[in-house]
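Colleague: below is the sequence, then the predicted model.
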Amino acid sequence: MLDARRRDCLRDMGITLWVRREAPARDSVSVSQEDPPPVVADAVLPEKSLLVESTFTASAAAPVSAMDPVPLAPVVDPAGLDWDDLVTAAVGCRACSLCETRTRTVFGVGDRNARLMIIGEAPGAEEDRQGEPFVGRAGQLLDRMLEAIGLSRDQVYIANILKCRPPGNRDPRAEEVLACRGWLDRQIALVQPEVILSVGGVAAKNLLETDEAVGRLRRRVHHYRETPLCVTYHPAYLLRRPEEKAKAWIDLQMMWRELQGDVS
């Protein structure tokens with residue numbers, strides 16, 4: 001059976017909760033008016049694979065029978081959206097279950113024409129409260145890292161792999177990343193950065209589609225589609241392991257040379 005919260009959520013999305021009628025036994029007598037009402041059956045929800053495959057794929061409308069799975073959200077294709085429409089659509093996104101636990105959608109912040117785009121993994125508790133990426137202690141360290149190479153926060157564009165915080169700050173799940181990929185791809189297409197800086201293992205592994213650790217991916221220039229991409233440690237990791245900051249500084253210098261077109 002569905003709990004009250006999920007039942008209310010389904011009702012708000014316009015999903016009908018079907019009633020199962022119990023057939024009377026052959027030797028039963030007529031039911032009195034005081035008998036309990038029939039049991040409400042659980043709503044039929046789609047498999048995760050169906051949600052993932054349909055999230056950013058336009059499809060023709062077709063009749064839906066009572067036995068068909070009900071989509072979690074209407075299909076939205078971010079590919080042709082401008083900034084304003086993209087933000088509006090992302091804020092109202094219900095393509096995965098993270099919409100049920102978020103406080104605010106954390107879309108992105110910064111210069112929409114920036115030469116450098118920074119991509120992290122997912123919002124934390126403070127980001128979820130404020131609706132802006134990298135605003136806690138890790139964000140303060142990121143600001144200092146940018147200042148070290150002569151950039152300020154408002155000169156870059158900052159986004160995350162996920163736009164909603166996973167409960168308990170757990171790692172993003174594959175279906176959540178895929179459900180969010182269209183938003184990030186459109187952000188990259190609109191910003192058109194000259195270089196992407198991927199911070200942390202989750203971002204690097206998803207952007208580069210690899211299982212390699214950050215330690216093996218850093219100090220090399222990769223590409224996301226055709227955009228040069230550099231990898232470094234996440235500021236939150238550097239707060240736990242300050243002895244690794246020297247390596248992050250090497251990564252930032254390499255990224256800066258790439259941004260200046262210096263391939264020496």
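Modeller: Nice, thanks for sending it over.
Colleague: give the buried residues for the helix or strand containing residue 237.
Modeller: With secondary structure defined by DSSP states H and E, residue 237 is part of helix 235-240. Under the neighbour-count criterion of 16 or more other Cβ atoms under 10 Å, helix 235-240 has 235-238 buried. Backbone N, C-alpha and C define where each C-beta goes, glycine included.
Colleague: same question for stretch 166-181.
Modeller: Neighbour-count burial for stretch 166-181, with 16+ other Cβ under 10 Å as criterion, is recorded at 166, 172, 175-181.
Colleague: between the two ends of it, what distance do you get?
Modeller: End-to-end distance for stretch 166-181: 15 Å, by Cα to Cα, to the nearest Å.
Colleague: again with stretch 209-217
Modeller: Stretch 209-217: ends 12 Å apart by Cα to Cα.
Colleague: and it, how far out from the chain's middle?
Modeller: 20 Å (Cα atoms, centre = their mean, to the nearest Å).
Colleague: mean confidence for that stretch?
Modeller: In this model, stretch 209-217 has a mean pLDDT of 95.
Colleague: where in this protein is the helix or strand with the lowest mean pLDDT?
Modeller: Within the chain, no helix or strand scores below helix 48-54, which has a mean of 32 by mean pLDDT, DSSP states H and E.
Colleague: so after that one, what's the next helix or strand?
Modeller: Counting by DSSP H and E, what follows helix 48-54 is helix 83-91.
Colleague: in that next one, what counts as buried?
Modeller: 86-87, 89-90.
Colleague: re the thing from before, okay, the helix holding residue 237 in CSV with CA atoms only?
Modeller: The C-alpha coordinates for helix 235-240 follow below in CSV (Å, rounded to 0.1, in the frame of the first residue of the first chain):
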residue,chain,number,x,y,z
PRO,A,235,37.2,21.0,-2.6
ALA,A,236,35.4,19.0,0.0
TYR,A,237,38.0,16.3,-0.4
LEU,A,238,40.8,18.9,-0.1
LEU,A,239,39.3,20.0,3.2
ARG,A,240,39.6,16.5,4.5
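Colleague: and that helix, how far out from the chain middle?
Modeller: 21 Å.
Colleague: got any ranges where the stretch 151-264 of the chain has weak pLDDT?
Modeller: Judged by pLDDT under 70, the stretch 151-264 of the chain has its weakly predicted residues at 263-264.
Colleague: which residues in it form strands?
Modeller: Taking DSSP state E, counting those that start in this stretch as the criterion, the stretch 151-264 of the chain contains strands spanning 157-160, 195-199, 222-224, 227-232.
Colleague: which residues of this protein fall in helices?
Modeller: For the chain, helices defined by DSSP state H occupy the ranges 4-12, 48-54, 83-91, 125-130, 137-148, 174-191, 201-208, 214-217, 235-240, 245-259.
Colleague: hmm, back to that, closest to residue 151 out of the strands of the stretch 151-264 of the chain?
Modeller: Among the strands of the stretch 151-264 of the chain, the nearest to residue 151 by Cβ to Cβ is strand 195-199 (10.5 Å).
Colleague: relative to strand 227-232, how tilted is that closest one?
Modeller: 30 degrees (axes from the mean of the first three to the mean of the last three Cα atoms, to 10 degrees).
Colleague: in CSV: the buried residues of stretch 166-181, plus distance to residue 259.
Modeller: As requested, these are exported to CSV (distance: Cβ to Cβ, whole Å):
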residue, distance to residue 259
166, 31
172, 27
175, 34
176, 30
177, 26
178, 29
179, 31
180, 26
181, 25
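Colleague: looking at those residues, which is nearest residue 154?
Modeller: Nearest to residue 154, judged by Cβ to Cβ, of the buried residues of stretch 166-181 is residue 180 at 24.2 Å.
Colleague: which ones are touching the closest one?
Modeller: Residue 180 makes contacts with 95-96, 161-164, as judged by Cβ atoms under 8 Å, 6 or more residues apart in numbering.
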